[in-house]
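Chemist: how would this look folded up:
(one chain, ligands or ions: 1)
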Amino acid sequence: MATPILPGAVIGVLGSGQLGRMLALAARAMGYRIHVFSPDRYSPAGQVADHEIAAPYDDAGALTQFMRGIDVLTFEFENVDAAAARIAEELDVPVRPGGWVLQTAQQRVVEKTFLRDAGLPVANFAAIETPADLAAAISTAGFPAVLKTAAFGYDGKGQAVVHDAAGLENAWSALGGQPAILEAYVEFAAEISVVGARNPAGQFAHYGAIENIHRDHILDISIAPARIIPAAAAQAVDLTHAVMEELDAVGVLCVEFFLAKDGRLFINEIAPRPHNSGHLTIEAAFASQFEQQVRAICALPLADTHQARPAAMANLLGDLWSHGEPDWAAALAVSNVKLHLYGKREARPGRKMGHLTALGPDAGSALATVTAARCALSGEASQS
Ligand code: AMP
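Modeler: Down below sits the predicted model:
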């Protein structure tokens, strides 16, 4: 049995963006202290943490000093160097989730191979490392297919849909011939995600299926509960539980799925941390994904995830600032809407600056409300 890490203890976070910020706010509400480590100063998480260390992720000296001051280590993104987790382990600081979970999630070929070998559903895929791999990859994935960089891809960066051999060769050259993965294109009816939490005793909790709508490969809107048949939602939850068990993952983990038009579910990605699609749990559920992360990594019982009311979340990207400061008062005049801003100083296009969450009597009304509130920010009339 893992020993509980009780309020008053220090939670260490590698990374200092909005996920770390919302984790810090939840942790502080429960009486924990938070130390964050990243190359940035005055970061979204650092602004609300007890202590912010600004140093490169490969600075072993700074990492060692950081680990000496914390009781448990967690992450807010998966592309963490394995050396950081090793330093924590050498100092007997629990690393949750473990380094192997991060390593599985940070390289697409490793991730998909793990899922396939565990008997979990993924679209056909093949690794491409040399030009000699192209023909075999085509016969495995077929066309159309999606070519993605194997490493460090997020939000659709380094991706192309290809329709024939020449298109694949061009797309791979455009990626500089770096290691890649070719996946069968899934004709999906919906994209959904399940945010799960698991503590060291193996207790599992989840928020059901959340429906996600992307724009330019970036998450735009999430809706919970997902407007899909209940059997598919239940299956997605079971698969998420299976992923966490197979990985022996402790903490919060999100599984992103395609729900194909023929009703089959395919896992697209796993993110071993709270997820953008789970932000609506702050208002919609009794305990948010961030509180669950605190409870799970501190070896405490997980909270009830019951969702009292349907909810929808809309991301606020830096583009919204292109004509000046958004009209916050106009959005907040829409009832049942909450505003979250992440404290980022510079609003760049595509940068996640904050989000809005709306609650409603059903998922469709929550979606209409959050869309209207976001339109009000830039003085537009809502489309819906
Ligand atoms: P990813 O970076 O893998 O999360 O992909 C970003 C987005 O690209 C997904 O949310 C999908 O909308 C789309 N996409 C990625 N892979 C596939 C696929 N195999 N089939 C269809 N659409 C895909």
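
Chemist: When you work out contacts or count neighbours from here on, use the C-alpha atoms and nothing else.
Modeler: Fine.

Chemist: out of everything not next to it in sequence, what's closest to the residue nearest the centre of the chain?
Modeler: A centroid search over the chain (C-alpha atoms, centre = their mean) returns His275, at 3.0 Å, as the residue closest to the centre. Nearest non-adjacent residue to His275, counting by C-alpha to C-alpha, 6 or more residues apart in numbering: Cys254, 6.2 Å away.

Chemist: same deal with His214?
Modeler: The shortest distance from His214 to any residue other than its chain neighbours is 5.0 Å, reached at Asp220 (C-alpha to C-alpha, 6+ apart).

Chemist: measure that neighbour to Arg374 for me?
Modeler: According to C-alpha to C-alpha, to the nearest Å, Asp220 and Arg374 sit 11 Å apart.

Chemist: Could you do Ala27 as well?
Modeler: Ala27 is 29 Å from Arg374, by C-alpha to C-alpha.

Chemist: Look at these two and report which has more neighbours.
Modeler: Counted by other C-alpha atoms under 10 Å, Ala27 and Arg374 do not tie: Arg374 has more neighbours, with 29 against 24.

Chemist: my read: Tyr32 touches Gly12, true?
Modeler: No - judged on C-alpha atoms under 8 Å, Tyr32 makes no contact with Gly12 at a distance of 10.5 Å.

Chemist: Of the two, which one has the most company?
Modeler: Gly12 (27 against 19).

Chemist: Find the residue closest to Val146 in space, skipping its chain neighbours.
Modeler: In space, Val146 is closest to Val161, 4.4 Å off (C-alpha to C-alpha, 6+ apart).

Chemist: is the ligand contacted by the strand or helix carrying the one you found?
Modeler: When elements are assigned from DSSP states H and E, Val161 belongs to strand 159-162. No - no part of strand 159-162 sits near the ligand under the criterion C-alpha under 6 Å from any ligand atom; the closest distance found is 7.3 Å.

Chemist: in that strand, what's buried?
Modeler: For strand 159-162, the neighbour count (16 or more other C-alpha atoms under 10 Å) marks 159-162 as buried.

Chemist: OK, contacts around Thr293?
Modeler: For the record, residue 293 is Gln, not Thr. 23, 197, 251-252, 273-274 (C-alpha atoms under 8 Å, 6 or more residues apart in numbering).

Chemist: no no, Pro97
Modeler: 74, 249-251, 272, 297.

Chemist: Would you format these as a markdown table with distance to Arg345, secondary structure and pLDDT included?
Modeler: A markdown table is the format used below for the contacts of Pro97 (distance: C-alpha to C-alpha, whole Å; DSSP: H, G, I helix; E, B strand; the rest coil; pLDDT from 0 to 100):
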| residue | distance to Arg345 | secondary structure | pLDDT |
| --- | --- | --- | --- |
| Thr74 | 25 | strand | 98 |
| Ala249 | 34 | coil | 98 |
| Val250 | 33 | coil | 98 |
| Gly251 | 30 | strand | 98 |
| Pro272 | 27 | coil | 97 |
| Ile297 | 30 | helix | 98 |
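
Chemist: now those residues as CSV including distance to the ligand?
Modeler: As requested, the contacts of Pro97 are exported to CSV (distance: C-alpha to the nearest ligand atom, whole Å):
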residue, distance to the ligand
Thr74, 22
Ala249, 20
Val250, 22
Gly251, 21
Pro272, 14
Ile297, 26
